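K.L.:
got a predicted model here, sequence first, then my questions.
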Amino acid sequence: MTDVVSARQTELELEQGRVSERYARLDALRVEKEEQLARVRRTGLEGSLQNHSERDAFATLYEDRLAQLYAVDERLVFGRLDLDPDEDGVSEQRYIGRIGLTDPQQERLLVDWRAAEAGAFYQATAARRQHVRRRRHLMLRGREVRDLDDEILDPGLLADDDHISPDSQGALLAAVTARRTGRMGDIVATIQAEQDEIIRAGVSGALVVQGGPGTGKTAVALHRAAYLLYTHRDRLARSGVLVVGPSTAFMRYIERVLPSLGETGVVMASLGTLMPGFQAGPEPRAAAAAVKGRLEMAEVVVNAVAQRQRLLVEPRRLNIDGTVVKLKPAMVRRARERARATGKPHNEARATFVKILVKDLAEKLRKKLEKSSGAPVQRDLLLEDVRTARDVRVALNLCWMPMTPEWLIGDLLSREPLLRAAAPWLSDEDIAALLRPAGSPWTEADVPLLDEAAELLGAVEAPPTGRESEAQHRRNVDNARASLENMHQSLEDMGIDGVVDAEQLAAANEPGGVRRTTADQAAHDRSWTYGHVVVDEAQELSPMQWRLLARRCPMKSFTVVGDIAQSSRLDAAGSWDAALTPFFGDRWRLEELTVNYRSPARVMRWAAQVAQAAGLAVSQPEAVREGDHAPELVAEPGGTLTGLVGDAVARQRDLVPDALTAVIVPEAEVPAQVAALRERWGTARVDRAPLPGVEVVVVSPRETKGLEFDTVVLAAPERIVEDAHGVVGDLYVAMTRCTQALTIVSTAEEARLPAGLSAVPR
Ligand SMILES: Nc1ncnc2c1ncn2[C@@H]1O[C@H](COP(=O)(O)OP(=O)(O)OP(=O)(O)O)[C@@H](O)[C@H]1O
């Protein structure tokens, strides 16, 4: 064995010992928490805690902690910093990992990657060492240390350790070339300095991160969410963090990243699920999406609600228990004015409207009855009769109908006269784009309209007023605090170190308190206001979607990541300024990511060439590697697309064994391609999503947004552009999804191919 090899082996063995020690501590903590959880459960059953909710609140705490301890198992430890000696000549070796760990004597074993003491692991450079002499990456498989990768920042160390190179990028290259699984992984071990700066940036205002494809925007946004939850735990644990992405497929792709970073309490929503209880799909009609996305739609919804607060044209005769009373237009007008003056949402203001008219009608009825009977009648005794009389209910509903958002918007979008009355300024073309048959499924573009309507309508059954429920909540918190104080001693005696606060306990006791965590409560409450919102693929958002999100976080604490050039919207904003200023004013700042970690440089040159030929202004990030496989174009006019795709997949699978391959085809082509590929490769290996065992995934260009694969076969690029009404964004996105190899196939004549595609860079 050479000296270099044996020195390395010794280092590996040393690290294995230290890593095992940290895993042992993790295991011990798990056992400890399991025992505490079991004790809490037993205690609750025996009845010594106040009630089941209290027990549940503690149990939730331990379950969350346990879930965290189990989630961080994979690559628990990934880094080591060797620091300059202190005054006593002692050089600290600081281990960096997914969570912080101390031994039973409170000696630090592992520093949480988000802690300030871990910052240098990501930020130190030879020029700005920050007291770091060596940065070591530990590469683990399971609990075994497989490799290590050193970067020496202090040249003095090089003389001692000649088995390492000063600027090793091994860990990063291993990460970016690793086979993809169809699920995004975390990058915690290899976050780069420009990414780290964004992750650790302050929480206030909106931070916008622009970056070309593969620059790590999604990764950075998710790590930032984890960082903010760690750093501002007090505030954000209570108010919650919302992560928004473009589609359900995308949310599935990223859903494991935060749990792997030890964060389970984040609400994840796609544009179609932003309103609790709705699962809306994509809007199939681009023109409809464009009109529904305009800010003026808020005004349309306001008008649609106002339309349902109707006046009478002429008096209406109402039969109340055999006596006819007249409801006059002036009475309705007065009641409407007073109800509107309450400033409450439609359904809640309706109570005022009804109360006034019932009283007025009862007064009229009283006079009539007195006149006919000659005896005095008490008005208050008539109120119930008036309220429940069928004629009265019909008349009042006609004037001021209680409505749900679904009913209002469904009706508005399917009845032309209503729509024209609510939006008299819209062109015939816009009206045609909006109209659709009654009962059509909801789309993502409808969600902001529904949300706007929910805001204006309020609950159909008026809930207690804000002040009442607030006061009740305060009383609950006080009670909870008192019971916690009583409990404190007995918990300590039991060796339970939990910190359930009074708010948590009160929430568990309140109606709907079955929702145990902040995230759980927030996910089910449309009017929840979050402490921070992360928006991914933000270039896809319409002004109405921005308006909805701004409502979800009035503090306007946002992380917004995206790439303006990747938008598929017909009405894309064109700049962050245009997209964001209406909602954030000047309270947003722009950062840029400049390095592409996903695709080979030669693939990126091709994609940029196509985008630029279509006049799209694209960021051109520098790719970390040139790539091993030249991209290829197979154009065979008159050939069959399924044949060309099948052959291309076969070639790629020879080239890159064990690859996860995407076949990206125009939407209409998907079923035929799935069928043909299944015939060739077997049903289990080909599917629409990267399910376990699937090696070839067939997707439309829109569905690939944000995702990535080892190799990509992209079919019929000319039709992809046509389908997007000439916008080249979807094709650009599709061309930038591979980590290894890209093949484009087409059966079109060369003249029909998108500009810039034929000259394939070598
Ligand atoms: N510092 C890093 N270390 C290792 N891998 C990284 C790093 N940064 C990004 N990556 C990887 O690069 C790939 C692209 O990252 P990500 O999906 O976050 O990029 P993106 O900018 O959101 O891309 P797009 O806009 O094209 O969807 C992912 O596989 C991610 O894990």
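P.N.:
Perfect, I can see it now.
K.L.:
can you give me the helices in the stretch 151-300 of the chain?
P.N.:
Assigned by DSSP state H, counting those that start in this stretch, the helices in the stretch 151-300 of the chain fall at 170-177, 193-199, 217-231, 233-239, 248-254, 257-260, 286-293, 297-307.
K.L.:
name the helices or strands packed onto the shortest one?
P.N.:
Put plainly, it is helix 257-260. The helices and strands touching helix 257-260, judged by 3 or more CB pairs under 8 Å, 6 or more residues apart in numbering; DSSP states H and E, are helix 52-71, helix 217-231. All C-beta spots, glycine's among them, are computed from the backbone N, C-alpha and C.
K.L.:
tell me the mean pLDDT over that helix?
P.N.:
Computed over helix 257-260, the mean pLDDT rounds to 89.
K.L.:
how far off centre is it?
P.N.:
How far helix 257-260 lies from its chain's middle: 13 Å, per CA atoms, centre = their mean, to the nearest Å.
K.L.:
now the helices and strands packed on helix 257-260 as CSV including mean neighbour count and distance to Q521?
P.N.:
Shown next, in CSV, are these (neighbours: other CB atoms under 10 Å; distance: least, CB to CB, whole Å):
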stretch, mean neighbour count, distance to Q521
helix 52-71, 19, 12
helix 217-231, 24, 16
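K.L.:
tell me the angle of the lengthiest helix in the chain relative to helix 52-71?
P.N.:
Looking across the chain with DSSP state H, the single longest helix is helix 3-46. Taking axes from the mean of the first three to the mean of the last three CA atoms, to 10 degrees, one finds helix 3-46 and helix 52-71 inclined to each other by 170 degrees.
K.L.:
report all helices and strands that helix 3-46 contacts.
P.N.:
Under the contact criterion of 3+ CB pairs under 8 Å, 6+ apart, helix 3-46 touches helix 52-71, strand 77-85, strand 91-97, strand 101-102, strand 108-112, strand 132-141, strand 144-152.
K.L.:
pLDDT weak spots in the stretch 351-500 of the chain?
P.N.:
461-500 (pLDDT under 70).
K.L.:
and the gap between the residue in it positioned nearest to the ligand and M544?
P.N.:
Residue of the stretch 351-500 of the chain nearest the ligand, by CB to the nearest ligand atom: E444 (18.3 Å). According to CB to CB, to the nearest Å, E444 stands 11 Å off from M544.
K.L.:
kindly report the same for V324.
P.N.:
47 Å.
K.L.:
list the contacts of R308.
P.N.:
Contacts were defined as CB atoms under 8 Å, 6 or more residues apart in numbering; by that measure R308 touches H346, W400, M401, M403, L408.
K.L.:
give me the low-pLDDT residue ranges for the stretch 101-250 of the chain?
P.N.:
158-169.
K.L.:
up against the ligand, what does it have?
P.N.:
172, 175-176, 187, 190-192, 195, 211, 213-219 (CB under 6 Å from any ligand atom).
K.L.:
how about the helices and strands packed on helix 257-260 in CSV, adding distance to K33?
P.N.:
Output for the helices and strands packed on helix 257-260, formatted as CSV (distance: least, CB to CB, whole Å):
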stretch, distance to K33
helix 52-71, 5
helix 217-231, 19
